[in-house]
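K.L.:
What shape does this take:
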Amino acid sequence: MTFAYCHKCAAFAIVARRLFAVRFVLGAVSVAAFYRFRQSVEQVFGRPVAVWLVCITVTQFHFMFYLSRALPNMMAMPLVLMAVSCWMRQEHTPFLWWSGAAVLLFRAELTMLLGILLLMELVTGRLPLLRCLKVCILAGLALLLLSFTVDSLFWRRPVWPEGEVLWFNVVLNKSAEWGTLPALWYWYSALPRALGASLALVPVGLALDRRARLLAGPALAFVALYSLLPHKELRFIIYVVPLLNVAAARACHAIWEGRLKSAWRSYLATAMCCHLLANVALTALLAAVARHNYPGGAALGRLQHLEPDAAYVHIDVYSAQTGVTRFLQHRDDWRYNKTENLAPGSPDMHSFTHLLIEARGKRSSALKPYEETHMILDSVDVFSHIQFNYDHFPPLRLRMRPAIFLLYNNVPENVRWPKDEEEPQPPPEESEKVVEPETDDVKDPVAQEDASEVEEPKAANDEIVFTGAEESDKDYSDDMVASEKAAELFLPPDDGTADEARLSDLPAQVIR
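P.N.:
Numbering: from 1, shown residues only. Below you'll find the model as predicted:
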């Protein structure tokens, strides 16, 4: 038992090291790209503005939080920073190559941001149209060939992922299936949380410097265009944060330089410095919230700690969207299933040894189909809201609520392992029944025929075929609604883990 436990700990350590290695590499690349962007800002605006840019950025939560996340948006972030850096330096050929890589390899919607920068160069005549066409055609063909070759190898079918994304979002117009938010959500929720107190300085910087307007203008236009799409996430516009921070840094530099001219300017400079402390306080609060905002990952980790034996686990959609990734699936003797739209309480749901079920409490309707057959092992809470209590210091308290329940199947005969775990024997053919009568079961043809009729459903059920449940079987009660937010400072859990969860099951679909 001790040896098995040590072996599992060693396996988890190996997986953890791989995860840390991936995030370290991505974070290092992102930091290097941001350093290049800072150098470009220093070249255009001066060293003091570049220093303020770094101070502002490191005190903000979301940019630093996402910096090393293995999400397509953050994989495109270094390319965007390099493209904008080249644009600021008027290096047009590298700008087109970096932009093409970001658009064709990772996020096609970046055409709205980088395309505006390109259009500005063409309109002003700084970039000749003929030269632009030559570079774009060459870069486009090369990058498309690279994406098609590499991605087809990994997906095991001919595919251009960003092309499928455009088809799903633009042609089929199905992005709203992932949830919708109001048209102004980016303006009143996402940007204030991403920029923090520095948001108040952005208009000042835009008013002071035309160069800041040229840089921040395309970023604001990008947010405005993206607001037209019904499905919204903060990570979709994360690229504009460093661009808007340049305007805030320009305002900080101007206020700091004039601090000695009068008393009120001195007070203004002090308040400007204190805004960095406000950013740090907001970052601490959002970090505490984010720590409790991924119950899916916590639930799977807790289940693997509680269950020493082999298991066949079903992971529901909410769990997959809130932290369950392939990096957590490190048990070789476990099988993980993320099939969607299975009817609650159906034979398919009873075929697993363990279930991760979204529920708001033990009496939730989501758990009622399993009251007689399953046992609750544990539950995982999620952030609910922030409570103000002036009798305590600090007066803020994070309130939690149950989110995911870990269920164990008490009826082992209902469990049906995947085909690779238990290979069912197919029923014998009719010709075999006549030619090979070695067993007692086939001596009597009538008995044999009756036996085959009885055994046929069993053989058909040995391998589960998930066809999905009908819409009428879904529970749309309040207990199943995962998108309910109980406070304004709710950190949306859908940060790309849904994509990672969907990518873990083949055949995969590129849906973002």
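
K.L.:
What residues of stretch 246-261 count as buried?
P.N.:
Within stretch 246-261, the residues scored as buried using 16 or more other CB atoms under 10 Å are V246, A247, A248, A249, R250, A251, C252, H253, A254, I255, W256, R259. (Glycine included, C-beta is placed from N, CA and C.)

K.L.:
residue contacts, the first one?
P.N.:
For V246, the contacting residues are V41, F45, V49, L53, G205, A212, L215, A216, taking CB atoms under 8 Å, 6 or more residues apart in numbering as the criterion.

K.L.:
Kindly report the same for the fourth one.
P.N.:
Counting by CB under 8 Å, 6+ apart, A249 makes contact with V41, F45, V49, A50, W52, L53, C55, I56, G205.

K.L.:
again, only this time at 6 Å
P.N.:
Listed by CB atoms under 6 Å, 6 or more residues apart in numbering, the contact set of A249 reads V49, W52, L53, I56.

K.L.:
Present the residues you listed as a markdown table; the columns should include distance to H231 and neighbour count.
P.N.:
Below are the contacts of A249 laid out as a markdown table (distance: CB to CB, whole Å; neighbours: other CB atoms under 10 Å):
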| residue | distance to H231 | neighbour count |
| --- | --- | --- |
| V49 | 35 | 25 |
| W52 | 34 | 27 |
| L53 | 31 | 25 |
| I56 | 29 | 26 |
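
K.L.:
In helices, which of those residues appear?
P.N.:
In helices, defined here by DSSP state H, the members of the contacts of A249 are V49, W52, L53, I56.

K.L.:
Surely the second one touches R250?
P.N.:
Right, the one you point to is W52. No. At 7.9 Å, W52 and R250 do not qualify as touching, with contact defined as CB atoms under 6 Å.

K.L.:
about what we covered before: export the contacts of A249 to TSV and tack on distance to L303 and pLDDT?
P.N.:
Shown next, in TSV, are these (distance: CB to CB, whole Å; pLDDT from 0 to 100):
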residue	distance to L303	pLDDT
V49	50	96
W52	47	97
L53	44	97
I56	41	97
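
K.L.:
Which residue ranges make up the domains of this protein?
P.N.:
Split into domains by the TED database, the chain comes to 1-291, 295-414.

K.L.:
Let me see the mean pLDDT of the last one.
P.N.:
Model confidence over domain 295-414 averages 90 on the pLDDT scale.

K.L.:
What segments of the stretch 51-200 of the chain are helices?
P.N.:
Using DSSP state H, counting those that start in this stretch, the helices found in the stretch 51-200 of the chain span residues 61-66, 72-88, 92-101, 111-124, 129-155, 161-166, 185, 191-195.

K.L.:
winner for burial among these?
P.N.:
Each of those was scored by mean neighbour count; the highest is helix 72-88, a mean of 24, by mean count of other CB atoms under 10 Å.

K.L.:
Return the subset of the buried residues of stretch 246-261 lying in strands.
P.N.:
Using DSSP state E, the subset of the buried residues of stretch 246-261 located in strands is empty.

K.L.:
Just the ones of these in helices?
P.N.:
Of the buried residues of stretch 246-261, the ones assigned to helices by DSSP H are V246, A247, A248, A249, R250, A251, C252, H253, A254, I255, W256.

K.L.:
Give the single residue among the residues you listed positioned nearest to F405.
P.N.:
Nearest to F405 among those is A248, at 44.3 Å by CB to CB.

K.L.:
Could you measure from the closest one over to R291?
P.N.:
Taking CB to CB, to the nearest Å as the measure, A248 falls 27 Å from R291.

K.L.:
So for whichever helix or strand C273 is part of, what gets flagged as buried?
P.N.:
C273 belongs to helix 263-291 when elements are defined using DSSP states H and E. Under the neighbour-count criterion of 16+ other CB under 10 Å, helix 263-291 has A269, M272, H275, L276, N279, V280, L282, T283, L285, L286, V289, A290 buried.

K.L.:
Spatially, what comes nearest to R401 if we skip its sequence neighbours?
P.N.:
For R401, ignoring the flanking residues on the chain, the nearest one in space by CB to CB, 6 or more residues apart in numbering is S384 at 4.2 Å.

K.L.:
Check P192 too.
P.N.:
Closest residue to P192 in three dimensions, ignoring its sequence neighbours and counting by CB to CB, 6+ apart: L199, at 5.7 Å.

K.L.:
For the ones in helices among the buried residues of stretch 246-261, give me CSV that also has distance to H92 and pLDDT.
P.N.:
As requested, these are arranged in CSV below (distance: CB to CB, whole Å; pLDDT from 0 to 100):
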residue, distance to H92, pLDDT
V246, 21, 97
A247, 24, 97
A248, 28, 97
A249, 25, 97
R250, 25, 96
A251, 29, 96
C252, 31, 96
H253, 28, 96
A254, 30, 95
I255, 34, 94
W256, 34, 94
